[in-house]
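In: Here you go, sequence then predicted model.
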Amino acid sequence: MRVDMSTDALHNVVMIKSFGDKETQKLFMGRRSGAVSARAARRAVRKLEQLDAAERVEDMAAPPGNRLHKLGGDREGQWAVRVDERYSICFRFEDGQAYEVQATDYH
């Protein structure tokens, strides 16, 4: 499922253009979500906000704890940053915009 976003509530251009699922979109919008555990939610929101502000995929490399890395296999073409030992934020990044953003336990 893909959820498109072209502007935020203030009609500013956003860098996150689509979400991989509705739960991640709800998390990003500050609503209750089952995308990650309650314990990981605040960290996941910070990572989503950082991704929304990123102009280049390399912007997600800091802080080092993000552990930005390319994915392979069925997630070929995607990147991921770590939220905690269980959860990651996975996404595609093209032309300064993030697509198919999903908070998940993909391991």
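Out: Here it is on my side, so go on. Numbers count the residues shown, from 1 in each chain.
In: Where do the helices of this structure begin and end?
Out: Along the chain, counting by DSSP state H, helices occupy 22-28, 41-53.
In: what number of residues lie near the spatially closest residue to Arg39 that is not a sequence neighbour?
Out: Excluding the flanking residues, the one nearest Arg39 by CB to CB, 6 or more residues apart in numbering is Asp84, at 7.9 Å. All C-beta spots, glycine's among them, are computed from the backbone N, C-alpha and C. A count of nearby residues for Asp84, using other CB atoms under 10 Å, gives 14.
In: my guess is Asp84 contacts Arg43, does it?
Out: Yes - using CB atoms under 8 Å, Asp84 makes contact with Arg43 at a distance of 6.2 Å.
In: follow-up on the earlier one: in JSON lines: the helices of the chain, plus mean pLDDT.
Out: Formatted as JSON lines, those follow (pLDDT from 0 to 100):
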{"stretch": "helix 22-28", "mean pLDDT": "97"}
{"stretch": "helix 41-53", "mean pLDDT": "96"}
